[in-house]
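[1] give me the fold of what follows.
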Amino acid sequence: MKKFIALAFLCTSGFLKAQTDSGKFNLTEAIAFAEKNSPTLKNAMLDKDISRETVKQVAAAGLPQVCATGNLLQYTQVPGNWVKNFVPSPGAPEYVFIRFQQPINAVASLTMNQLIYSGTFLLGLKAAKEFTNLSSLAYVKTKADLQVNVAKAYLMALTVKKNIEIVNGNLLLLEKSLSDVEKLNAEGFAEKLDVQRLKLAVSNLKVQKEKLLAASDATMN
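    Below you'll find the predicted structure:
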């Protein structure tokens, strides 16, 4: 793949600039533009980042876990109960209201857990790391495929452009030959059949040129 792109660069650098909505690109710029804007490559990068975060999440399960909780309760009106007065005295009420709660209650707790050994955890961590490796390889492959596809499209555009230049050159020569033979025919020094053959060749080249121009538009797009 690297040899192919290097060959494409040598063949196209300085000879072809692809017309796009964003300007004119040589091959290196076209590949850079594709790498920056390709949705497929962006998704591959996101998958790669997600896999890394997944490994971190799985690994975090094996770290010491500390949990702190707290609870604060304040009564606007302290609850209580009416109970019988066990110490009666003259004029004392038969029942008294007693509150068994404090106006403010606070409770706090701190717990810590440590995973000493878990076969499931170790297997999951290994699987997560393999997932990261696969995501990295998928990103590299996606990037390489993108570069090759851009280089192929660029070479195709270059080939069509060169073919058009060749056809234009041949067309000029044939049209000049046709003009010369028509003059000779008028003077009686050339056969009419020669004129007809050259007209047919010119016509065929013009058709070929139209096809190449249409192909050029397609490849440039």
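[2] low-confidence stretches in the protein?
    1-23, 88, 91 (pLDDT under 70).
[3] which stretches of it form strands?
    For the chain, applying DSSP state E gives strands covering 18-20, 23-25, 65-74, 80-84, 95-99, 104-113.
[4] ok, which of the ones you listed comes nearest residue 207?
    Judged by Cβ to Cβ, the one of those that comes nearest to residue 207 is strand 18-20, at 24.9 Å. (Each C-beta comes from the backbone N, C-alpha and C, glycine too.)
[5] sorry, back to before: and among the strands of the chain, the most buried is which?
    Highest mean neighbour count of the strands of the chain: strand 18-20, a mean of 15 (counted as mean count of other Cβ atoms under 10 Å).
[6] quick one: distance of the lengthiest helix in the chain to the chain centre.
    Using DSSP state H, we find that the single longest helix of the chain is helix 119-187. Chain-centre distance of helix 119-187: 21 Å, with Cα atoms, centre = their mean, to the nearest Å.
[7] quick revisit: now distance to residue 210 too, for the strands of the chain, in CSV please.
    As requested, these are exported to CSV (distance: least, Cβ to Cβ, whole Å):
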stretch, distance to residue 210
strand 18-20, 20
strand 23-25, 25
strand 65-74, 74
strand 80-84, 102
strand 95-99, 102
strand 104-113, 77
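[8] what's the closest of those strands to residue 154?
    Relative to residue 154, the nearest member of the strands of the chain by Cβ to Cβ is strand 18-20, separated by 6.5 Å.
[9] residues in contact with the nearest residue to residue 198 once chain neighbours are set aside?
    Using Cβ to Cβ, 6 or more residues apart in numbering and skipping the chain neighbours, the partner closest in space to residue 198 is residue 178 (4.2 Å). Residues in contact with residue 178 (Cβ atoms under 8 Å, 6 or more residues apart in numbering) are 195, 198-199, 202.
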